[in-house]
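> With the sequence up front, the predicted model follows.
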Amino acid sequence: MIVARTQKKLTAVYLDLEKETSKLGMEINENKTKYMVTSSYEHRRNAGDLRIGNKTFEAVQSFQYLRNITGNTNSNNKCMKERIMMGNKDFYANRQLVNSSLISRSSKLHI
């Protein structure tokens, strides 16, 4: 993840990263790399695709990183809702284990 205040700085950091990765025989996958602009002003968040050199990167409104959803409005409401949904999904997937009388209460708490 690269964080920069300006597009000019982002471009400079990306070019440095690309240069260093090419020394190691690697390259940055243009199809998997996305970028996002965050701002409290909506007109600033509506950025188009970013072109650096001969690569074009898709602009996104939100992304998931380390099970945390980050949006371009810096709001964590989506994150909390996603965690609740994941908890409910896990609970209902393991409901038979939780309701089983064959498993002790302490074992259930570890699940």
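That came in fine, so what should we check first? Residues are numbered from 1 along each chain as shown.

> sec struct for residue 106, please.
helix (DSSP: H, G, I helix; E, B strand; the rest coil).

> err, residue 10, not the other one
Strictly by three-state DSSP, residue 10 counts as helix.

> I'd like the distance between the residue most central in space within the chain and residue 20.
Per C-alpha atoms, centre = their mean, the C-alpha nearest to the average position across the chain is that of residue 64, at 2.4 Å. Residue 64 sits 26 Å away from residue 20, going by C-beta to C-beta, to the nearest Å. The way it works is simple: take the backbone N, C-alpha and C, and place the C-beta from them, glycine included.

> again, but for residue 53
Taken as C-beta to C-beta, the span from residue 53 to residue 20 is 15 Å.

> same thing with residue 50?
The gap separating residue 50 from residue 20 is 20 Å, by C-beta to C-beta.

> Show me which of those two is the more surrounded one.
Set side by side, residue 50 and residue 20 show more neighbours around residue 50, with 18 against 10, by other C-beta atoms under 10 Å.

> Which positions in stretch 3-14 come out as buried?
Using 16 or more other C-beta atoms under 10 Å as the test for burial, stretch 3-14 gives 10, 14.

> Then stretch 31-40?
35, 37.

> what about the helices in this structure?
7-23, 42-45, 77-93, 95-99, 105-110 (DSSP state H).

> ok, of those helices, where does mean pLDDT dip lowest?
Per-stretch mean pLDDT for the helices of the chain is lowest at helix 42-45 (a mean of 68).

> I'd like to know how many residues surround the closest residue to residue 33 other than its chain neighbours.
Excluding its sequence neighbours, the residue lying closest to residue 33 (C-beta to C-beta, 6 or more residues apart in numbering) is residue 57, at 5.5 Å. Residue neighbour count, defined by other C-beta under 10 Å, stands at 18 for residue 57.

> For residue 57, name its beta-bridge partners.
Beta-bridge pairing for residue 57 (DSSP bridges): residue 50.

> Contact partners for it?
Residue 57 makes contacts with 30, 33-35, 49-51, as judged by C-beta atoms under 8 Å, 6 or more residues apart in numbering.

> Measure how far stretch 90-110 is from the centre of its chain, please.
In this view, stretch 90-110 has its centroid 31 Å away from the chain centroid, taken as C-alpha atoms, centre = their mean, to the nearest Å.
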